[in-house]
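1. requesting a structural model of the entry that follows:
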Amino acid sequence: MPADTINILAIESSCDETSAAVIQNGKVLSNHIATQKVHERFGGVVPELASRAHMQNIIPVVTAAMQDAGMKNEDITAVAFTQAPGLIGSLLVGACFAKSYAQALDVPLIAVHHMQAHVLAHFIEQSPEFPFLCLTVSGGHTQIVLCRSHLDMEVLGETIDDAAGEAFDKVAKMLGLPYPGGPLIDKYAVLGDPKKFKFPMSEMKDYTFSFSGVKTSVLYFLQAQKKLDSEFVEKNLHDICASVQYTIVNTLMAKLRKAAKDLGIKHIGIAGGVSANSGLRKALTETGDELGWKVYIPRFEYCTDNAAMIGITGYYKFLNGSFTDMSVIPSARAAW
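-> Residues are numbered from 1 along each chain as shown. All right, here's what the predicted structure looks like:
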């Protein structure tokens, strides 16, 4: 290969997906993801089971990513991995593999912040203009991020309790939907009336979010209604899902509109697992048309946890010379 070719092997293992990707000069050559079905019976991710599944999946997934990219070990220029945040046992599996691989090949090691990688997923297939705002929404995080460059980001506001994705999943559990319930709420919401039931939107200062209130409101609402009619949920499932989604999406969009107006920024993106939600995508597109925003939405496969976003972040960190040594350790939580 040409001397100036940069091949990044990327590893993502922050939660319950084991993923490996190969990025060549900023282009995705392969992106493999192994999901874990074992958690469905428990209604949520079990950390110990997740780390065990990562140990089983990591070698097959990396092997598949390398083969699909047509890469040999000697072709790899650097290894990037998710260092934080996430489940510590899951992170350890990816970190240990990445460190061993990099050491064996004598190539640089690049530690990546998972949430920064979600933001940079936009650059896999697009080129947002700086500065741009990114609403990152997932099961564990809800943030508005100001991006001044590929590696210069600032969190303007985030949730003080539940994340948007967590609220979706918890409401889904109240409705008796199987895990993961967030996508099912999205599916049923399309069939319902979003204004049938009214739930409160939090009124936090600045760009701060809170979703514990809507979760509690839905809980009390369902308890009261089921006392009157034991089949209330079954009879009104679509309308409940539509109303909950409407409330959460409007809460997200209200803060995003405020930040865009306050900062005078019209280049807006969304990222993270919940950015795959059809209601949020529609709301962002419609708001963009209304306010003259240039809207950026990653493809679905780059919204959920994946190694391609780790690889694209690793690529920009490689260009910046931002490497780490073998003493690096994963962290369940990490500041930007």
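
2. for the nearest residue to D68 once chain neighbours are set aside, give me its contacts.
-> Leaving aside its sequence neighbours, D68 sits nearest to S30 (C-beta to C-beta, 6 or more residues apart in numbering; 3.8 Å). For the C-beta atoms, the positions are set from N, CA and C on the backbone; glycine is no exception. Applying C-beta atoms under 8 Å, 6 or more residues apart in numbering to S30 gives the contacts 20-22, 64-66, 68-69.

3. can you check E158 too?
-> Contact analysis of E158 by C-beta under 8 Å, 6+ apart lists 141-144, 208-209.

4. ok, and the most crowded of those residues?
-> Most neighbours among the contacts of E158, by other C-beta atoms under 10 Å: T142, with 30 neighbours.

5. report the two of the contacts of E158 separated the most.
-> Distance extremes for those: the farthest pair is H141 and T208 at 13.4 Å, using C-beta to C-beta.

6. ok, back up a step: among the contacts of E158, which ones are in strands?
-> Of the contacts of E158, the ones assigned to strands by DSSP state E are 142-144.

7. among those residues, which one sits closest to P200?
-> Using C-beta to C-beta, T142 comes nearest to P200 of these, at 16.8 Å.

8. mind listing what that closest one touches?
-> 136, 158-159, 163-165, 209, 211, 252.

9. identify the farthest-apart pair in those residues.
-> Farthest apart among the contacts of T142 - using C-beta to C-beta - are T136 and F211, which lie 14.4 Å from each other.

10. OK, contacts around G192?
-> Contacts of G192 by C-beta under 8 Å, 6+ apart are 237-243.

11. which residues does A167 contact?
-> Applying C-beta under 8 Å, 6+ apart, we find A167 in contact with 211-212, 214-215, 248.

12. could you pull out the buried residues of the helix or strand hosting L92?
-> Under the criterion of DSSP states H and E, L92 resides in helix 88-105. Of all the residues in helix 88-105, those buried under the rule 16 or more other C-beta atoms under 10 Å are 88-99, 101-102, 105.

13. and the residues you listed, which is closest to L184?
-> Nearest to L184 among the buried residues of helix 88-105, counting by C-beta to C-beta, is S90 at 24.1 Å.

14. show me where the stretch 101-250 of the chain has its helices.
-> In the stretch 101-250 of the chain, the segments counted as helices under DSSP state H, counting those that start in this stretch are 114-120, 164-174, 182-189, 212-228, 232-263.
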